[in-house]
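Engineer: my questions concern the predicted model and sequence given below.
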Amino acid sequence: MHSLTLTKDFDVSVAELFNAWKSPKILQQWLAPGQTDVPTMDIDFKEGGAFRITIMQSDDCDFNIAGGIYKTIEEDKKIVMSWQWEGSEHQTELELTFTHTGANSSELILVHREFPEEDIRDNHKSGWIGCLNHLTTCLRQKAA
């Protein structure tokens, strides 16, 4: 099995960063890489709660749906969830760790594990980098 780890610093508090992962309204603004959008999202943000996210290409009607279950939620510290694309037999695990690094700064460590193949991991890495870049932009706009 293969995994990826991404670390990113943000110029917001841990509470603001954590909220960006639990608020459907905020998630819908950034949880799509490249030229994609999130037209629908259902989230039951609690341990054992489910989520379902539709990610659509901006230029056509092609879409993908990801879903899973929240396994662990530690407010302002950690989120662990399953992640599975609709139509795929394989389920992965996403772990997010939030760390306070200053008065208005924080760090996110994203670990996505249990990929069956390297190319699938690499595609997800590219997607997560795009999403985290959108998250940075979203948080900057909220602060402005």
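Structural biologist: Noted; the coordinates are in hand.
Engineer: just give me the residue right at the centre of the protein.
Structural biologist: Nearest to the mean C-alpha position of the chain, by CA atoms, centre = their mean, lies residue 31 at 6.0 Å.
Engineer: and it, what is it in contact with?
Structural biologist: 38, 41, 53, 55, 131, 134, 135 (CB atoms under 8 Å, 6 or more residues apart in numbering). Any C-beta I mention is one placed from the backbone N, CA and C, and that applies to glycine too.
Engineer: buried subset of these, written for PyMOL?
Structural biologist: The buried subset of the contacts of residue 31, as determined by 16 or more other CB atoms under 10 Å, is captured in PyMOL by this line:
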select buried, resi 38+41+53+55+131+134+135
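Engineer: which of the contacts of residue 31 fall within helices?
Structural biologist: If you go by DSSP state H, the contacts of residue 31 have 131, 134, 135 in helices.
Engineer: now for the chain, the helix or strand with the poorest mean pLDDT.
Structural biologist: Ranked by mean pLDDT, DSSP states H and E, the weakest helix or strand in the chain is strand 36-43, scoring a mean of 84.
Engineer: now for it, which elements pack on it?
Structural biologist: Strand 36-43 sits against helix 24-30, strand 50-57, with contacts defined as 3 or more CB pairs under 8 Å, 6 or more residues apart in numbering; DSSP states H and E.
Engineer: before we move on, back to that, got JSON lines for the ones in helices among the contacts of residue 31, with pLDDT too?
Structural biologist: Formatted as JSON lines, the ones in helices among the contacts of residue 31 follow (pLDDT from 0 to 100):
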{"residue": "131", "pLDDT": "92"}
{"residue": "134", "pLDDT": "91"}
{"residue": "135", "pLDDT": "93"}
